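> Sharing a sequence plus its predicted fold:
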Amino acid sequence: MSGAQTKPFSRAWLLDPAPASRGQARLGQAYLGWLKLARNPLAVIGLAIVVALVAMAAAAPLLATHDPLAQSLQTRLLPPLSPGHWLGTDEFGRDIWSRLVYGARVTLYIVALVTVTAPVFGLLVGVVAGYFGGWVDTLLMRLTDIFLAFPRLILALAFVAALGPGIGNAVLAIALTAWPPYARVARAETLTVRGADYIAAVRLQGAGSGRILLSHVAPMCVPSVIVRVTLDMAGIILTAAGLGFLGLGAQPPLPEWGLMISSGRKFLFEQWWVATMPGLAIFIVSLGFNLLGDGLRDVLDPRSASK
Amino acid sequence: MSALIEIENLSVTFRQRGREVRAVRDVSFSVAARESFGLVGESGSGKSTILRAICGMAPVSGGSIRIGGAPAATGRAFAARVQMVFQDPYSSLHPRRTVDATLAEPLAIHGRGDRDARVLAALGDVGLDASFRFRYPHQLSGGQRQRVAIARALMLEPEILLLDEPTSALDASVQAEALNLLSRLRVERGLTFLMVSHDLAVIDHMCDAVAVMRDGAVVERLDRATLADGGAQEPYTRQLLAASAYAAPV
């Protein structure tokens, strides 16, 4: 066994073809994935942007130069690069940079909440529909079709209108409209997997449907769903911003990027920076998630990884 | 109790969009405990379908399958008695689970403890050392994968092993190793084999008796001695023998 001689967590240890423990095998796989991702410069840029967003949200009190909610009517609508306000101030004299930094928290909160709800629900629906087939499949997929048939923003608008405005309800509305594509992806993946011999083998071992679905079928669908999630993330951020813009998402004075654009709209021609800065932030973060998603597709795709 | 596996007038019919295909027609045979029984025939003759029918993976339209006197079922009790080794080791192991996870799964399903020791013992039994334990299937060769598949089938210590062309996806030298491994395990553990193959040389090496199948029906039954003497009566069997004599000049 070569695992005994190599130093733990070294490169050779990670790439050892005969890992000595469960953890080493898992880390080795992750490291191989990372090497694959690192070979794609665009994906690395995407990852850097996403990591920067997380760091920004975590270190918001350190990075912000002002209180994001502190108003100062003497210093309202200062242009970028003014002393003390390098991205300028908005119509209430609030520092735009500080609001952007704290807005990263809101964006991340939305992104995190949507990713733990919609894809999980979609995955469950898709896997169950694909595995059982028959009337279960028909029922679940027609339901999915109904949700898919509505334009996403319109449906989210309807939900928020019914539930009342607010960031929590906006997230719920986005999640409710975002799950059908994941159900479709997971179902398609399940259909290719459910007839495989390794599924037949666990069934022969006496495994129940729950165990087969959760620990054998679902893991095969997760990579496609993760890729789909990162690609959709831009859309989710934009939908959240759109709801904020329409006044149905985050409520003032919360520093949410869509809301900031909405309030800057009134001065778009004279004080362009008020709407442009949050717009750029949304653009960069969306781009980051898209680039990362493209890179992850190459790493996580079961077909390319199974060689 | 003489026969462990009794199959009587078994018929399997696949129905799809109004079309019916009778893959197995009125097949009957029985396999005694600790016997090794072969099913041989060209592809599409229904031999694999019989194995799948025993495991409840094919639509049985008539006849009966009895294991040790009781009708074949699915579920845990049945799983502990009957296990199967699939044809293609490249598709029979979960690509995202390590050898360890694959072998420990049947133990987890049946709530059996002492998993670490059992997994290591199972690897040893099929001639793989402990360094294979945490590898993924794509880090193994075809022969090693099939050894893992055999180890998995034996985890629950079944009496009956259904072998669906267990070596046809392997190359010749690895094939011999795998067959010797299976023969050894059968002797050691007193297993009963029901083996499907299109290769008469493999059947001849492994089985005490053989049924020749064509178009879903059994054409002829032979025991080992008759097969070795060339005592086959049916022209189809002779044809099959002649064909495999070219392929494997033993």
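Arrived safely.

> Alongside chain A, which residues does chain B contribute?
Within chain B, the positions lying close to chain A (C-beta under 8 Å from any C-beta of the partner chain) are B:55, B:57, B:74-80, B:82-84, B:86-88, B:91-96, B:98, B:100, B:105-106, B:109-110, B:130-132, B:134-136, B:138-139, B:149, B:152, B:155-156. No exception for glycine: its C-beta is placed from N, CA and C like everyone else's.

> among those, which are in helices?
B:76-79, B:100, B:105-106, B:109, B:149, B:152 (DSSP state H).

> Among those, name the buried ones.
B:76, B:78-79, B:100, B:105-106, B:109, B:149, B:152 (16 or more other C-beta atoms under 10 Å in any protein chain shown).

> Which pair of these spans the longest distance?
Pairwise distances among these were taken by C-beta to C-beta; the largest, 25.3 Å, belongs to B:78 and B:100.

> State which helix of chain A is the longest.
The longest helix of chain A (DSSP H) is helix A:96-132.

> so where's the chain shaky on pLDDT?
Since you didn't name a chain, this refers to chain A. In the predicted model of chain A, residues A:1-5, A:301-307 satisfy pLDDT under 70.

> um, chain B though
B:1-2, B:245-250.

> just to revisit the earlier point, make TSV from the ones in helices among the residues of chain B next to chain A and add distance to residue A:139 to it.
As requested, these are exported to TSV (distance: C-beta to C-beta, whole Å):
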residue	distance to residue A:139
B:76	30
B:77	33
B:78	31
B:79	30
B:100	38
B:105	31
B:106	33
B:109	29
B:149	36
B:152	35
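
> Looking at those, which is nearest residue A:221?
Using C-beta to C-beta, residue B:105 comes nearest to residue A:221 of those, at 18.5 Å.

> In contact with that closest one, which residues are there?
Contacts for residue B:105 (C-beta atoms under 8 Å, 6 or more residues apart in numbering or on different chains) come out as A:202, A:205, A:207, B:97, B:152.

> Tell me the one of those residues nearest residue A:220?
Residue A:220 has its nearest neighbour among these in residue B:97, at 10.4 Å by C-beta to C-beta.

> tally of neighbours for the closest one?
19 (other C-beta atoms under 10 Å in any protein chain shown).

> likewise residue B:238?
Residues within reach of residue B:238, counting by other C-beta under 10 Å, total 13.

> Quick check, central residue of chain B?
residue B:163 (1.0 Å; C-alpha atoms, centre = their mean).

> and residue A:292, how far is that from residue A:116?
18 Å (C-beta to C-beta, to the nearest Å).

> Then residue A:272?
Residue A:272 is 37 Å from residue A:116, where distance means C-beta to C-beta.

> who's more crowded, these two?
The neighbour comparison of residue A:272 against residue A:116 (other C-beta under 10 Å) goes to residue A:272, with 15 against 11.

> Now the buried members of the residues of chain B next to chain A.
Buried subset of the residues of chain B next to chain A (neighbour count, 16+ other C-beta under 10 Å): B:55, B:76, B:78-80, B:82-84, B:86-88, B:91-96, B:98, B:100, B:105-106, B:109-110, B:131-132, B:134-136, B:139, B:149, B:152, B:155-156.

> pretty sure the residue nearest to the centre of chain B is in a helix, no?
No - if the criterion is DSSP: H, G, I helix; E, B strand; the rest coil, then residue B:163 is strand and not within a helix.

> Which residue is the nearest non-sequential neighbour of it?
Nearest residue to residue B:163 in three dimensions, chain neighbours excluded: residue B:195, at 4.2 Å (C-beta to C-beta, 6 or more residues apart in numbering or on different chains).

> residues contacting that neighbour?
Going by C-beta under 8 Å, 6+ apart, residue B:195 touches B:36-39, B:162-163, B:166, B:202-203, B:206-207.

> Kindly indicate whether it is helix, strand or coil.
Following three-state DSSP, residue B:195 is assigned to strand.

> For it, give its distance to residue B:210.
Counting by C-beta to C-beta - residue B:195 and residue B:210 are separated by 9 Å.
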